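Q: Make a model of this:
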Amino acid sequence: MGDYVIAIDQGTTSSRAIIFDKAGSIISTGQLEHEQIFPQAGWVEHDPKQIWDNVREVIGQALSKANLTRHDIATVGITNQRETAVVWDKNTGEAVYNAIVWQDTRTQPIVDRLAADGGVERFKQKVGLPLATYFSGTKIVWILENVEGAREKAEAGDLLFGTTDSWVLWNLTGGIDGGVHVTDVTNASRTMFMDLETLDWDDEILAAFNVPKSMLPTIKSSSEVYGTVGQNSLLREVPVAGILGDQQAATFGQAAFDQGEAKNTYGTGNFLIFNTGTEIIHSKNGLLTTVGYKLGNAPVHYALEGSIAVTGSLVQWLRDNLGMIGSAEEIETLAASVDDNGGAYFVPAFSGLFAPYWRADARGALVGLTRFVNKGHIARAALEAIAFQTREVLDAVNADSGVPLTELKVDGGATANNLLLQFQADILNVPVVRPVVAETTALGAAYAAGLAVGFWNGLDDLRANWQEDARWEPNMDSAERDRLLRNWKKAVTKTLDWVDDDVR
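A: Below you'll find the model as predicted:
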């Protein structure tokens, strides 16, 4: 067996291949960004072919940087942007349309149509999710209803659907030449089609959406051998043995395996996952019930999740759309140029509000502006928005679980921002802890794959790998915290009811 594990992290903005050793340390990384396609307001797409080409290339980058070959690699794990939907022709291997990304809101009319009979919580008891544009189900429906010939091809059994883990796996294991069409329980739990108890596709829900079952991948555990890499890859014959949706993978990489453990990932959006063990907890406070992980034949672990649509992408927006900063890193310096937010609050409801509000009619707002406010205040308000949204989600987790979280493990790109993490600890009033390896998403996928092939012996091996890098203690007066939170909640109310018949 090789001495290393490679994880493919197919994310929202880029695809990466990261090679890890037994200690969970990063040996090398390959990374390529892919194009963000915005055909019109509210539409977000990716080119599936570009994603697959990039995946092939980053594998080569990671291997060459580490001077390794396939013989050094024990197994491959995959993690992915969840909910992003790819529909492709199984005979040609070509996508029938661009991937429709999780942030895309074009399917709101389909959501409304399905919610006309039973409301947005129509299927929530079974699948743990409200009807929302976020999940894959309505994205598939849109493709079947709007792409010429797609419905007929699907009914004939010629089209396959997958989240990007399935798209990468199918291509990696041979594509039209024997590609394996599989997903894992965590990704399946984000489609709106999987029954949380049986872990199978639900025929009744598929009928309501009018989606042929033949399109769907087989649901497997998060840690087992799905197949081996095909002959057209540098990794040929290496087993692919782990799949976890990105947020579940980050939770796994943080070694939050047990009931009551949690993590918050700061990426394009923010995602707080709280492990509820083998028990399904239905949220009364706007959280999603989802699958945390399932290792082979062992019992499934469930989780509560608070999904926030726009956090890191708000920093990108200040960089790309407004030109306020030249790189994402510059926001910390700009925000630190002022002592506070100057009275400005930025609610980035660019694609509606996700948890705990679930308001598709909301749109972004920058409020509290006076002549005093400068770009430093706006930068600070953008960072504070990330922390405020996390606080609202954590309040919901505490209410649902009845077990207040005593510290928050954090990961993801924005955790390099010390100003943000200090404010996060202040506004939560609990310590915030960052691990040595911040790339916990890729690490989680590596762990799932490595466990399946015996590269690691069990969860205790993985717990031993986790190391604290830094910790932020709360240091804010409670009256000031209350004032900031009150104003934030007021700012949120200014974003609601914006979208009506005339506004899209």
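Q: Backbone dihedrals for the residue of the chain most remote from its centre, please?
A: Seen from the C-alpha centroid of the chain, the residue lying at the greatest distance (CA atoms, centre = their mean) is residue 371, 37.9 Å away. Main-chain dihedrals, residue 371, degrees, to the nearest 10: phi -60, psi -20.
Q: Residue 364 versus that one, what's the distance?
A: 22 Å (CB to CB, to the nearest Å). To be clear about C-beta, it is placed using only N, CA and C from the backbone, and glycine gets the same treatment.
Q: what's the answer for residue 131, then?
A: Taking CB to CB, one finds residue 131 at 23 Å from residue 364.
Q: same deal with residue 233?
A: Residue 233 is 42 Å from residue 364, by CB to CB.
Q: same thing with residue 288?
A: 22 Å.
Q: With residue 294 instead?
A: Distance from residue 294 to residue 364, by CB to CB: 37 Å.
Q: ok, these two, which is more surrounded?
A: The residue with more neighbours, out of residue 294 and residue 364, is residue 294; 24 against 18, by other CB atoms under 10 Å.
Q: For that one, list the residues it contacts.
A: For residue 294, the contacting residues are 184-186, 199, 221-223, 300-301, by CB atoms under 8 Å, 6 or more residues apart in numbering.
Q: Residue 149 now?
A: Applying CB under 8 Å, 6+ apart, the residues near residue 149 are residue 96.
Q: repeat that for 10 Å
A: Listed by CB atoms under 10 Å, 6 or more residues apart in numbering, the contact set of residue 149 reads 89, 96, 158-159.
Q: Let me know the closest of those to residue 310.
A: Distance to residue 310, by CB to CB, is smallest for residue 96 among the contacts of residue 149, at 28.7 Å.
Q: if we can go back for a sec, which of the contacts of residue 294 fall in strands?
A: 184, 223, 301 (DSSP state E).
Q: Name whatever forms a beta bridge with the second one.
A: When bridges are called by DSSP bridges, residue 223 pairs up with residue 242.
Q: Measure how buried it is and give me the count.
A: Counted with other CB under 10 Å, residue 223 comes out at 25.
Q: Could I get the pLDDT score of it?
A: Per-residue pLDDT puts residue 223 at 97.
Q: show me the contacts for it.
A: Here residue 223 is in contact with 77, 184, 241-244, 252, 293-296, 298, 445, 447-453 (CB under 10 Å, 6+ apart).
Q: one more time with 8 Å
A: 241-242, 293-296, 448-449, 451-452.
Q: Low-confidence regions, this structure specifically.
A: Low-confidence segments of the chain, defined by pLDDT under 70: 502-504.
Q: Residue 180 against residue 171, yeah?
A: No. Residue 180 sits out of contact with residue 171 when judged by CB atoms under 8 Å, with a separation of 10.0 Å.
Q: Those two - which one has more neighbours?
A: residue 171 (23 against 18).
Q: Quick check: closest non-adjacent residue to that one.
A: residue 52 (5.0 Å; CB to CB, 6 or more residues apart in numbering).
Q: all helices in the stretch 151-300 of the chain, in order from the N-terminus.
A: For the stretch 151-300 of the chain, helices defined by DSSP state H, counting those that start in this stretch occupy the ranges 164-172, 185-188, 203-209, 246-253.
Q: then the shortest one to CSV, C-alphas only?
A: Going back to what we said before, that points to helix 185-188. The C-alpha trace of helix 185-188 is given here as CSV (Å, rounded to 0.1, in the frame of the first residue of the first chain):
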residue,chain,number,x,y,z
VAL,A,185,-25.4,9.4,1.9
THR,A,186,-24.3,12.9,2.7
ASN,A,187,-24.7,14.2,-0.8
ALA,A,188,-27.8,12.2,-1.4
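Q: Spatially, what comes nearest to residue 469 if we skip its sequence neighbours?
A: residue 436 (4.5 Å).
Q: Next, format the helices of the stretch 151-300 of the chain as a markdown table and append distance to residue 110.
A: Written out in a markdown table, the entries for the helices of the stretch 151-300 of the chain read as follows (distance: least, CB to CB, whole Å):
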| stretch | distance to residue 110 |
| --- | --- |
| helix 164-172 | 21 |
| helix 185-188 | 20 |
| helix 203-209 | 9 |
| helix 246-253 | 24 |
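Q: how about those, which one is nearest residue 111?
A: helix 203-209 (11.0 Å).
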